[in-house]
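> below are the sequence and a predicted model; questions follow.
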Amino acid sequence: MKKTSVENSTNKKAILELKGVGKYFGGLRAVDNINLSVKKGDLHCLIGPNGAGKSTIFKMIMGVYKPTSGSILFENNAITNKRTWDRVKLGLSIKMQIPGVYGDLTAYENMKIAAQNFYKRREMNNKIMELFDLLEITNLKSKIVNNLSHGQQQWLEIGMALACKPKMLLLDEPAAGLGPEETNYTSDLIRKLNDKGLTILFIDHDMDFVKNIAKSATVLHLGNKFAEGTVDEIASNQKVIDIYLGK
Ligand SMILES: Nc1ncnc2c1ncn2[C@@H]1O[C@H](COP(=O)(O)OP(=O)(O)OP(=O)(O)O)[C@@H](O)[C@H]1O
């Protein structure tokens with residue numbers, strides 16, 4: 001029998017593991033006993049309807065929320081009780097859905113704020129210029145961020161996340177609010193970063209966007225893991241189609 005790509009990748013090392021992770025808000029079970037393993041080099045998507053628990057999982061991975069139960073491992077080290085900043089230093093970096101950029105500063109100054117904790121002064125300029133080049137936004141470096149489009153701010157923030165030397169990048173709805181051209185650019189960028197070896201976990205609602213870039217996906221529904229597999233398997237799973245259609 002043909003193996004799924006998820007089965008084929010089981011021999012690859014996990015970079016991030018969630019073991020029996022749950023989060024309750026009072027009586028509300030936002031995330032219920034989730035097991036999730038993201039392999040090194042994967043481009044994995046968390047997909048699911050509103051309120052499925054996707055953002056809560058991201059916040060637990062980054063240490064914004066403490067899980068009610070379970071443990072989180074990054075490169076085999078328990079990080080469940082580590083502070084957010086310590087997780088970033090270990091190699092976890094995130095771009096939130098709403099750009100967290102400094103609007104009154106230039107794109108270059110924004111990048112410098114992120115890079116200064118990770119690069120020595122003498123290497124910082126070269127690294128920042130390398131990142132602008134990788135993102136293909138060198139022309140924006142001297143622009144005040146408030147004057148950039150929503151898409152340009154999103155790309156800058158991806159650059160700022162990359163300036164933290166991540167081993168794994170989390171992206172929360174990277175194409176939200178973007179037009180078709182900007183969405184294509186974002187898809188190409190995410191693929192390019194993954195091709196360079198960066199492990200990426202992202203959240204999205206849009207099945208077409210997910211099909212276009214993800215290698216594998218986990219579907220969440222009402223805080224539970226509902227399905228997992230290759231994107232093709234997920235997209236053709238009748239139960240997944242039903243929750244998307246609200247049945
Ligand atoms: N700080 C909080 N306090 C109370 N309830 C919360 C809190 N954060 C999230 N929730 C609830 O937990 C559940 C999961 O929310 P979460 O934001 O993780 O879902 P999501 O899948 O990211 O949804 P969306 O796609 O709409 O962002 C929802 O019922 C939400 O109302």
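Arrived safely.
> host element of the residue nearest the centre of the chain?
The residue lying closest to the centre of the chain (CA atoms, centre = their mean) is residue 170, at 2.1 Å. Element membership for residue 170, per DSSP states H and E: strand 168-172.
> over to residue 158?
helix 150-162.
> what mean pLDDT does that helix have?
Here helix 150-162 scores 94 as its mean pLDDT.
> now stretch 14-24
The predicted model assigns stretch 14-24 a mean pLDDT of 97.
> within range of the ligand, give me the residues from the chain.
Within the chain, the positions adjacent to the ligand are 25, 28, 30, 48, 50-56 by CB under 6 Å from any ligand atom. From N, CA and C alone the C-beta is placed, and that goes for glycine too.
> hmm, which of the residues you listed are the buried ones?
Taking 16 or more other CB atoms under 10 Å as the criterion, what is buried in these is 30, 48, 52-56.
> sort out for me which of the residues you listed are in helices.
54-56 (DSSP state H).
> got a markdown table for the residues you listed, with pLDDT too?
What follows is these, written out as a markdown table (pLDDT from 0 to 100):
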| residue | pLDDT |
| --- | --- |
| 54 | 94 |
| 55 | 94 |
| 56 | 96 |
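> surely residue 197 is within a strand?
No: counting by DSSP: H, G, I helix; E, B strand; the rest coil, residue 197 is not part of a strand but coil.
> isn't it right up against residue 43?
No: taking contacts as CB atoms under 8 Å, residue 197 lies outside contact range of residue 43: 11.1 Å.
> and these two? Which one has more around it.
residue 43 (22 against 9; other CB atoms under 10 Å).
> look up phi and psi at the more buried one.
Backbone torsions for residue 43, taken as degrees, to the nearest 10, come to phi -130, psi 90.
> that one is in contact with residue 215, isn't it?
Yes: if you go by CB under 8 Å, residue 43 and residue 215 touch, sitting 4.6 Å apart.
> any residues in contact with both of these two?
residue 194 (CB atoms under 8 Å, 6 or more residues apart in numbering).
> burial count for the nearest residue to residue 237 once chain neighbours are set aside?
Nearest residue to residue 237, sequence neighbours excluded (CB to CB, 6 or more residues apart in numbering): residue 227, at 5.3 Å. When neighbours are defined as other CB under 10 Å, residue 227 has 17 of them.
> partners of the helix or strand hosting residue 227 in the sheet?
Here residue 227, judged by DSSP H and E, is contained in strand 224-230. Sheet partners assigned to strand 224-230 using DSSP bridges are listed as strand 216-221 (antiparallel).
> got the buried residues for the strand it pairs with?
216-221.
> try stretch 203-210
In stretch 203-210, counting by 16+ other CB under 10 Å, buried: 203-205, 207, 209-210.
> got the CA positions of it in CSV?
Extracted C-alpha coordinates of stretch 203-210, given in CSV (Å, rounded to 0.1, in the frame of the first residue of the first chain):
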residue,chain,number,x,y,z
ILE,A,203,-2.1,29.0,10.3
ASP,A,204,-4.6,29.5,7.5
HIS,A,205,-8.2,29.3,6.7
ASP,A,206,-8.0,29.4,2.9
MET,A,207,-7.8,25.9,1.5
ASP,A,208,-6.5,27.1,-1.9
PHE,A,209,-3.6,29.0,-0.3
VAL,A,210,-2.8,25.9,1.9
